[in-house]
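Participant: can't give you the sequence, but here's the structure:
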């Protein structure tokens, strides 16, 4: 059985950088269990090896009981290594707001199969948000660390569960993919329906105001736009994280070309 990425990772151990991790793999220390069973490791004193084993036992406990704490131990740059382990009950999430960013208009959530839209003054409230996120083992967003999640937490305190969060904006940057969600999708060949292909965040704001002035069709267009944002997070995450791991673990070349930083970047 293939071990999860995190159970092949040693980057969180004190004194272990990427070169050290690569050396461990090359020497046959490929998983946590390999290290826990080892009597010696090249370049590490017996005291250091014993210390590492203690940290691994703590990591094993956190992985089983509190993956969010292990995510904090990994740090933002390496949290993605938890992805395949905590993907049992994912929640892909994206919000729409007016130009006043604290004014949430739509919260879109998917478990990877079904999409739900929570709309302001209809069904968007704390209880509905908690129910949509109930049982989540992780949350996946694009730019959610600085936008979606802080805004939701201010509006609905305590509604966001304490689970690992994967912000694909930063994960894509690590893979050499710069820019907003739609720019990266286009680069990777992830297509949107023609009717919303050219829409951006400004259009989403205008659609909300059209709806508020009585255009019910505008609300459906806004929901369709949000649904594309949400539903495209899953294939994007799978492709980019899989490639990052293959590059790191097996020294494979990324299957996609780099996407340079745009001169005027929008995180859409």
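Facilitator: Nice, I can see it. Only a predicted model underlies this, so the values are computations on that prediction, with no experimental measurement involved. Residues are numbered from 1 along each chain as shown.

Participant: Name the nearest residue to residue 124, sequence neighbours excluded.
Facilitator: What sits nearest to residue 124 in space, not counting adjacent residues and going by CB to CB, 6 or more residues apart in numbering, is residue 118, at 4.1 Å. (C-beta placed from N, C-alpha, C; glycine too.)

Participant: all helices of the protein, in order?
Facilitator: Using DSSP state H, the helices assigned to the chain run over residues 18-26, 32-37, 46-65, 67-74, 126-133, 148-155, 168-174, 181-188, 201-212, 216-231, 233-250.

Participant: So for residue 105, which of these sits nearest?
Facilitator: With distances scored as CB to CB, the stretch of the helices of the chain nearest to residue 105 is helix 201-212 (4.7 Å).

Participant: who's in contact with that closest one?
Facilitator: 96-99, 105-106, 218-219, 221-222, 225-226, 266, 268 (CB atoms under 8 Å, 6 or more residues apart in numbering).

Participant: ok, back up a step: give me the distance between the residue nearest to residue 124 and residue 213.
Facilitator: The spacing between residue 118 and residue 213, counted by CB to CB, to the nearest Å, is 21 Å.

Participant: if you count what's nearby, which of these two comes out ahead?
Facilitator: residue 118 (19 against 8; other CB atoms under 10 Å).

Participant: bridging residues for that one?
Facilitator: Note on residue 118: beta-bridge partners by DSSP bridges are residue 107.

Participant: Please verify my assumption that it contacts residue 105.
Facilitator: No - taking contacts as CB atoms under 8 Å, residue 118 lies outside contact range of residue 105: 9.8 Å.

Participant: Quick check: pLDDT value at the residue lying closest to residue 98 once chain neighbours are set aside.
Facilitator: The spatial neighbour of residue 98 that comes closest, neighbours along the chain excluded (CB to CB, 6+ apart), is residue 205 at 5.6 Å. As predicted, residue 205 sits at a pLDDT of 96.

Participant: Give the burial count for residue 205, as a bare number.
Facilitator: What residue 205 shows, counting by other CB under 10 Å, is a neighbour count of 18.
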